[in-house]
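J.: build me a model from this:
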Amino acid sequence: MLQVNRYILRLLAVAIVFGSVSSYRSVEPSYSAPLNYSSLIASSAESADVFVESENKKSNNKDYKGEVSPINDDLLKYLLTLTGLVVIVCIIKISVYVRDYFWRSSQKACDALVESAYVKCENKDYGGAIAECNAALSIDPESGNAYSCRSTIKWELGDIEGAKEDAKIVRKMLLKEAIAQQRNRTKACDAFVESAYVKCENKDYGGAIAECNTALSIDPESGNAYSCRSTIKWELGDIEGAEEDAEIVRKMLLKEAIAQQRNRT
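T.: Just a heads-up that it's a prediction; the model follows:
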């Protein structure tokens, strides 16, 4: 067996002792005697030394079949587990940092190229401006600013078809972003509506109305929120208010049905 670094093993043993102190206290709350840190550290360090000396003797005597005592075996397992966890956490943090760093760097480079393209366009250097936009898109193919800038330049050059194509790409990007934002709003709105129904079942009508109002502040076109508020107002005896919200829901459903019919035709 290879020689084991005595000092690293001692250091990890001490770290395990300190990390285990809180678990000892939580498992045995009735333990009243003060914890002797010195003895724990000394004991762990001594176990590490025994393990190192034993393994070094086996290595020198070419005794590779000797078994480690259960205590030292458990200690080694703890050390390996601790080391593995530390390595995994470090790898995750480093990968996230590197990803964010390169993303920010690419965004800055892309924005700088688009800005340069606008400057060249103002100076009538349309060829250079197009080249800057293409360079920006090679860095970030999802850059709406680069497509928008290139569309403007193509329009100036009289390339109406090319300008329309880039403008269409920008429109699709904006639509995709709007849909994503709407989905997020819908999820948040539905959560408040669900909370309103729960509060209504618990007779907390004031809280339920507040949850519906919050949902409508997030998504003013939420039929679920209006329907829920209509039900709560009906429970409170506010018949007129309930009918108003129900009428809004009816108009929304009618509008949606007309839109679907137009899409089918």
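J.: show me this structure divided up by domain.
T.: Domain assignment for the chain, taken from automatic domain parsing, gives 6-68, 106-176, 188-264.
J.: quick one: list the elements packing against the helix or strand hosting Ile94.
T.: Taking DSSP states H and E as the criterion, Ile94 maps to helix 70-122. Secondary-structure packing of helix 70-122 (3 or more C-beta pairs under 8 Å, 6 or more residues apart in numbering; DSSP states H and E): helix 6-27, helix 37-60, helix 126-139, helix 144-156. (C-beta placed from N, C-alpha, C; glycine too.)
J.: what is the orientation angle of that helix with helix 144-156?
T.: 20 degrees (axes from the mean of the first three to the mean of the last three C-alpha atoms, to 10 degrees).
J.: for helix 70-122, give the mean pLDDT please.
T.: Averaging pLDDT along helix 70-122 yields 80.
J.: could you dump the domains of the chain to TSV with mean neighbour count?
T.: Output for these, formatted as TSV (neighbours: other C-beta atoms under 10 Å):
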stretch	mean neighbour count
domain 6-68	13
domain 106-176	17
domain 188-264	16
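J.: weakest of those domains in terms of mean pLDDT?
T.: The minimum mean pLDDT among these belongs to domain 6-68 (a mean of 49).
J.: correct me, but Cys200 touches Ile232?
T.: Yes - counting by C-beta atoms under 8 Å, Ile232 is a contact partner of Cys200 at 5.3 Å.
J.: which residues do these two both contact?
T.: Ala208 (C-beta atoms under 8 Å, 6 or more residues apart in numbering).
J.: now stretch 111-127 - C-alpha only, CSV.
T.: Extracted C-alpha coordinates of stretch 111-127, given in CSV (Å, rounded to 0.1, in the frame of the first residue of the first chain):
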residue,chain,number,x,y,z
ASP,A,111,-23.7,44.3,-27.4
ALA,A,112,-20.4,46.0,-28.2
LEU,A,113,-20.5,44.7,-31.8
VAL,A,114,-24.2,45.8,-32.2
GLU,A,115,-23.3,49.2,-30.9
SER,A,116,-20.4,49.4,-33.4
ALA,A,117,-22.8,48.3,-36.2
TYR,A,118,-25.1,51.2,-35.4
VAL,A,119,-22.2,53.7,-35.4
LYS,A,120,-21.0,52.4,-38.8
CYS,A,121,-24.6,52.5,-40.1
GLU,A,122,-24.8,56.2,-39.2
ASN,A,123,-21.5,56.8,-41.0
LYS,A,124,-22.9,55.1,-44.1
ASP,A,125,-20.5,52.1,-43.7
TYR,A,126,-23.3,49.6,-44.3
GLY,A,127,-21.0,46.8,-45.3
